[in-house]
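Trainee: Just the structure for this:
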Amino acid sequence: MLPKLLKRLRHTLTVTIAQWYHKVSPSFLLIIHLFLLTLSFSIQIPFSQSTRDSLNISTFLQGNLSSFRSIVSLVGATITPRLSDRVGRAPILVIGLVGAAIGTLFSYNFTSPTTYNGQEYLLFAALIPSALLQHNFSVGKAFITERSSDGGPLGIMGTAVGLAFMLGPILSAIGLITSYDDAVKFSLAMLVCSGSLLVPIFYKTSPPANPATTTKAPKTSFFDIKPLKTKKGVYLIVTRFLMSLSFHIFMTIWTPSLKERFNFGPSDHGKFMSFIGLTYALSQSLTKPINKLFQGNTKILLVCSAVCLAGGRILAYLTTNLYVVYISFAFVICSLGVTNTVLTKLSGQIGDKSDLGGVIGGLQSVESVAGIVGPLYGGALYKFGGFGLPLAHVGVNYILVGIGALVFYERVFEKTAAAKKKAE
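Mentor: Down below sits the predicted model:
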């Protein structure tokens, strides 16, 4: 009786899994994959920073580590998404997952006081695997953009990533994860679960993103991303660079100001980062309603977002009321989330699907360049002009983004699309 029951149960489970496998969307599986991947990272944030602090690393070394990570990330962002145009998205997602796992283990082992023992090169080595290989978010953007004509799935992806970013610090704040050891174990478990979802993605999608490109494109064309040389591409490059540069300049004065004004500790940073994750997730859910509120006028939406980003960051820095900081950042993160979704959607409109990974990777590379230049430039501004000079520069950059949208967006995107439609 029992063997028959087990056999019937096994048959039922097999049929159920098979039906689910055929019905589920690859984009849905990818979103869950990115959620788990982000959660594996965010769970380590409260502990990895405190562990580094216990090593008494100098501010100068921390700055060098940040710049080094940006340089390695620049190389990875240039190559990895572009490579997904050639060999397919799924294999590159697997490589990124492996890089994340190796990076987690390296960081855990190399930053322990017994292993580190003043050997600074270990801290640099720990950054390489993840920064070089793990660009699954960019590859995921390309994966979803080439399968969707609207920004809905991109918004859902952003919501999932934002929630995962919020959930990690919360798990440590409520005591479910109490040590770096537990965080790393949890992180590796999430990576295994995340990797299991890549198996059906691998078999549900054709290996190459564009087989014709794989056989016909010359090798020298790998770094020749023609869509980024168009007017649309240049507009996106300049906009992404200015926004990213503003962020990195702002961060040079932001974290010290929290300590100075509100005596922020690890718990306060965890709560604040959780708030940012939740707000970003909500912003992705609000993208469509906000777009309807602006009646589809992307130009005005981008201008208003730039104003909110400038005003919100400046107000958050100048206020001495913590509640005002949270309210200001609610506007900042919502504006940032909506703008990122809009710009990612526009990225899918400037070239063929065979170049989509290269386009998104190229734009990420631009942000990495800003990550290298921004901290150095922001530090120099602060040295010569106090906090006022970098804060003013942040405001000017966002104003330039708004002016760019006001003056050039219609000329570059809407008039070009209208002319193309008329020609057809």
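Trainee: Straight-line length of stretch 310-328, end to end?
Mentor: 10 Å (C-alpha to C-alpha, to the nearest Å).
Trainee: just how off-centre is that stretch within its chain?
Mentor: Averaging C-alpha positions (C-alpha atoms, centre = their mean, to the nearest Å) puts stretch 310-328 24 Å from its chain's average.
Trainee: same question, stretch 353-365
Mentor: The answer for stretch 353-365 is 14 Å, by C-alpha atoms, centre = their mean.
Trainee: again, but for stretch 238-245
Mentor: With C-alpha atoms, centre = their mean, you get 15 Å for stretch 238-245.
Trainee: One more: stretch 340-358?
Mentor: On C-alpha atoms, centre = their mean, the centre of stretch 340-358 falls 15 Å from the chain's centre.
Trainee: do the same with stretch 92-112
Mentor: Between the centre of stretch 92-112 and the centre of its chain there are 17 Å (C-alpha atoms, centre = their mean).
Trainee: Would you mind checking the average pLDDT for it?
Mentor: Here stretch 92-112 scores 86 as its mean pLDDT.
Trainee: Same question for stretch 409-424.
Mentor: Mean predicted lDDT for stretch 409-424 stands at 65.
Trainee: Kindly report the same for stretch 155-162.
Mentor: 82.
Trainee: where do the helices sit along the stretch 151-300 of the chain?
Mentor: Using DSSP state H, counting those that start in this stretch, the helices of the stretch 151-300 of the chain run over 152-173, 180-196, 198-204, 211-216, 231-262, 266-285, 287-293, 298-318.
Trainee: Helix or strand for Ser335, just tell me which one.
Mentor: Using DSSP states H and E, Ser335 maps to helix 322-347.
Trainee: Now that helix: buried residues?
Mentor: Neighbour counts using 16 or more other C-beta atoms under 10 Å place 325, 328-347 of helix 322-347 among the buried residues. Using the backbone N, CA and C atoms, a C-beta is placed for each residue, glycine as well.
Trainee: Next secondary structure after that helix?
Mentor: helix 356-385.
Trainee: on that earlier part again, could the helices of the stretch 151-300 of the chain go into CSV alongside distance to Ala125?
Mentor: Formatted as CSV, the helices of the stretch 151-300 of the chain follow (distance: least, C-beta to C-beta, whole Å):
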stretch, distance to Ala125
helix 152-173, 24
helix 180-196, 17
helix 198-204, 26
helix 211-216, 34
helix 231-262, 24
helix 266-285, 25
helix 287-293, 39
helix 298-318, 34
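Trainee: Next, report how far the helix holding Ser335 is displaced from the centre of its chain.
Mentor: Counting by C-alpha atoms, centre = their mean, helix 322-347 comes out at 13 Å from the chain centroid.
Trainee: just checking, what packs against that helix?
Mentor: Judged by 3 or more C-beta pairs under 8 Å, 6 or more residues apart in numbering; DSSP states H and E, helix 322-347 is in contact with helix 136-145, helix 152-173, helix 231-262, helix 266-285, helix 287-293, helix 298-318, helix 356-385.
Trainee: Distance to Leu29 for the ones you listed - can I get that in JSON lines?
Mentor: Compiled in JSON lines, these are given as follows (distance: least, C-beta to C-beta, whole Å):
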{"stretch": "helix 136-145", "distance to Leu29": "10"}
{"stretch": "helix 152-173", "distance to Leu29": "12"}
{"stretch": "helix 231-262", "distance to Leu29": "28"}
{"stretch": "helix 266-285", "distance to Leu29": "18"}
{"stretch": "helix 287-293", "distance to Leu29": "22"}
{"stretch": "helix 298-318", "distance to Leu29": "30"}
{"stretch": "helix 356-385", "distance to Leu29": "18"}
